[in-house]
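Novice: Test case, fold it:
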Amino acid sequence: METFRISDFELYDVVLYGDEEEKNELLANQVFVQGWVRTNRDNGQIGFIEFNDGTYFKNVQLVYSKDSKDYGILTSLRNGCAIEVEGKLKLTPEMKQPFEIEVLAAKLVGECAEDYPLQKKRHSFEFLRDIAHIRPRANTFQAVFRVRSVLSYAVHQFFQERGFIYVHTPEITTNDGEGAGNVFDVTTHDTKDPFEFYGRKVNLTVTGQLHVEPFALSFRDVYTFGPVFRAEHSNTVRHASEFWMIEPEMAFCDLNDNMEVIEDCIKFCISYVMEACPEEMKFFNTMIDNTLIDRLNHVVNSDFQKMTYTEGIEILQNAVKSGVKFENNDIKWGMDLQSEHERYLTEKVVNGPLFLIDYPEEIKAFYMKLNPDKKTVAACDLLVPAVGELVGGSQREENYELLKAKMDKLGLTEGLEWYLDTRKYGGCVHSGFGIGFDRLLMYVTGMQNIRDVQPYPRTSNNIKY
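Specialist: The predicted structure is shown next:
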C-alpha cells in the first residue's frame, strides 16, 4: 500500500474543486500514513486524533470509535507517539478541514513517555528554547523551520537563476575580515602548542567576503552562503555567536548596480516565501505579528528610496530640535546610527524601505571605496520599517595604492597580501553585500528573538547542545 503524506493531500484540489468522478476515485482507495500524535481525545464513543507527519503545517484529523479494530491502541495513544495508520479518506467540506481519515487499523511505532514536555497548551518561547531538541514539534517552530528551509532555497534560486556561481568559502581562516578582532581561535589538544597544527594562529571566519571576492574576478557574479562566527559578548535579541550569511560579489558592478540587486533579492525572497508557505505566514500573522503580511507586501510593492548619511544626520538633528525623543539625542556627523535612528528614517521619514548611502570612512570596513570627497565611502545599508538595518553592502576599493595605504595604516596588510593581489592582477570595479540570513528570517516571520529562528542557537554564556 502506498504511503501518503499530508502534503500530498493538500495537492488534491479535487477535495474542494474536483468533479464527482475524481472524488469517487479518490475515496475508493485506502491510505497509509506515518507520523505523530499531536492530541488525542476520546469521549467513549468516538475519538479524534490530531495527526501530523511533518510534511505540511496543518494537521489531519484521524477518527476512530469504540468499535474500531485497534481501539485499545488508539484510545491509549499519548501526545507525541509515533504511529502508522491505515484508513479511508472521507470528504468533510462542511467542516474546518476538507477531509479526515477514518481509521481502519493502527500500529504504535514509538511510545511517548508521560513526561513529554509538549502538551496541549501555550508554552513560552523561553521554555521551548530549553528543549531545542523537542520544540520543532511545536506549532510555532514547525512554521519557523519550514520557512527557514524555504527561504534558504529562495536565496539559492534567486542567485542561480541569475547565473551566479556558488562558492564554498572556508570556515577556518587567518584573518577576521572586518578588522574587529572578535574571533574564535581554532586550537588543537594533541600538542604542547595549540596552534602547531597549522603552524600559525587561525580562527573561525567572521565573513566569507574576502575569500569570495577573487572568484568574482574570474566568474563575474558569485555568492557564498554559509555559517560565520562572531565572539561578541552581546546578549541582545539580534545577536548570536554563530549565524548564517548571504554574501554575493559582482564584478563590473558599482554601488547603484549593487543596490538594484539587493532590492531585487529582498523582494524575490519575501514573495517566494509568501507564495510557498501560505499557511505558515497566516499563522505568523495571527499568532506573532498581525501587521506582518501587510508590512511584507508594502516592502515588495515599494520602490526603495535612497538618502545619504549626511542627509539622514541632518534630518535626525532637526527631529531632535522639533521635540522628537531618542534614547540617544546627541546626533553628530560621524556617529554610528542606532536602530532607533534607522527606524525613524525608514518609518517616519520615507515610510518604506530606504538605502542610506555614503557613510563616513571611519565607521565602515577597510575595503570600501573612498568617495571623491575623501571623507565618505560608497557604502549602503538597507533600512526597513520595524527592524532598521537589514542588508549592508558597498562598492569595494579597487585602487591598489589606496587600499594598501589604508590596510598599512590599520595594520591589516600582513597575512592579506593575497587579497591585495586581486587589485594588481586584472582588478576592476566590483561590489557586494551581506545579508544576515537569521535576521532576514526574523523579518519575514515576525519572530523577535534570533534564538527562536535558529535550530540550536549559540549565544554567549549559553550553550546546551
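Novice: how about low-confidence regions in this structure?
Specialist: 1-2, 9-19, 22-23, 25-26, 28, 178-181 (pLDDT under 70).
Novice: ok, now which residue in it is the farthest from the centroid?
Specialist: For the chain, the largest distance from the centre (C-alpha atoms, centre = their mean) belongs to Asp67, which lies 47.8 Å off.
Novice: Can you check the distance spanned by stretch 380-391, start to finish?
Specialist: End-to-end distance of stretch 380-391 (C-alpha to C-alpha, to the nearest Å): 8 Å.
Novice: So the closest residue to Gly427 other than its chain neighbours: helix, strand or coil?
Specialist: Nearest non-adjacent residue to Gly427, counting by C-beta to C-beta, 6 or more residues apart in numbering: Glu398, 5.0 Å away. Where you see a C-beta, it was placed from the backbone N, CA and C, and this is true even at glycine. When classified by DSSP: H, G, I helix; E, B strand; the rest coil, Glu398 comes out as coil.
Novice: burial of Glu398, as a residue count?
Specialist: Glu398 is flanked by 18 other residues according to other C-beta atoms under 10 Å.
Novice: Equivalent analysis for Lys121, please.
Specialist: 5.
Novice: same deal with Ile172?
Specialist: Ile172, neighbours per other C-beta under 10 Å, totals 10.
Novice: Which strands or helices does the helix or strand harbouring Val150 pack on?
Specialist: Using DSSP states H and E, Val150 falls within helix 139-161. Applying 3 or more C-beta pairs under 8 Å, 6 or more residues apart in numbering; DSSP states H and E, one finds that helix 139-161 contacts helix 125-129, strand 165-166, strand 221-229, helix 255-276, helix 278-287, helix 437-445.
Novice: try 6 Å
Specialist: helix 255-276, helix 278-287, helix 437-445 (3 or more C-beta pairs under 6 Å, 6 or more residues apart in numbering; DSSP states H and E).
Novice: my read is Leu345 is in a helix, agree?
Specialist: Yes: Leu345 forms part of a helix when assessed by three-state DSSP.
Novice: show me the contacts for it.
Specialist: Gly312, Leu354 (C-beta atoms under 6 Å, 6 or more residues apart in numbering).
Novice: again, only using 10 Å
Specialist: Leu345 is in contact with Gln305, Met307, Glu311, Gly312, Ile315, Leu316, Ala319, Leu337, Leu354, Leu356, Leu383, Gly388, counting by C-beta atoms under 10 Å, 6 or more residues apart in numbering.
Novice: ok, back up a step: of all the helices and strands packed on helix 139-161, which one is nearest Gln160?
Specialist: helix 255-276 (11.7 Å; C-beta to C-beta).
Novice: Please point out which parts of that closest one sit buried.
Specialist: Residues of helix 255-276 classed as buried by neighbour count (16 or more other C-beta atoms under 10 Å): 255, 258-259, 261-263, 265-270, 272-274, 276.
Novice: Go through the residues you listed and name the one nearest Pro372.
Specialist: Among those, and counting by C-beta to C-beta, the member closest to Pro372 is Leu255, at 12.9 Å.
Novice: doesn't Gln395 make contact with the closest one?
Specialist: Yes: between Leu255 and Gln395 there is a contact at 4.4 Å, judged by C-beta atoms under 10 Å.
Novice: Name the residues contacting each of the two.
Specialist: Met368, Lys369, Asn371, Val377, Ala378, Ala379, Cys380, Val429, Ser431.
Novice: among those, who's most crowded?
Specialist: Of these, with other C-beta under 10 Å as the count, Ser431 tops at 29 neighbours.
Novice: what bridges to that one?
Specialist: Taking DSSP bridges as the rule, Ser431 bridges to Met250, Gln395.
Novice: how close does it sit to Ile357?
Specialist: Distance check for Ser431 against Ile357: by C-beta to C-beta, to the nearest Å, it reads 12 Å.
Novice: what residues are shared contacts of these two?
Specialist: Leu255, Asn256, Met259, Ala378, Ala379, Cys380, Gly393, Ser394.
Novice: Tell me where the stretch 301-450 of the chain has helices.
Specialist: All helices of the stretch 301-450 of the chain, identified by DSSP state H, counting those that start in this stretch, fall at 309-321, 339-343, 400-410, 417-424, 437-445.
Novice: need the contact list for Asn285.
Specialist: Contacts of Asn285 (C-beta under 10 Å, 6+ apart): Thr291, Leu292, Ile293, Asp294, Arg295, Leu296, Thr445, Gly446.
Novice: I'd guessed the fifth one sits against Asn351; true?
Specialist: Think Arg295. No: contact between Arg295 and Asn351 fails when scored by C-beta under 10 Å: they sit 11.5 Å apart.
Novice: These two: which is more packed in?
Specialist: Arg295 (18 against 12).
Novice: Now do the strands in the stretch 1-150 of the chain.
Specialist: 30-42, 46-52, 60-65, 82-91, 99-110 (DSSP state E, counting those that start in this stretch).
Novice: Mean neighbour count, those: which tops it?
Specialist: Mean neighbours per residue, mean count of other C-beta atoms under 10 Å, is largest over those for strand 60-65, with a mean of 21.
Novice: Report the strands that pair with that strand, each with its relative direction.
Specialist: Partners of strand 60-65 in its sheet, by DSSP bridges: strand 46-52 (antiparallel), strand 99-110 (parallel).
Novice: Looking at those, spot the one closest to His168.
Specialist: For His168, the closest of those is strand 46-52, at 34.5 Å, according to C-beta to C-beta.
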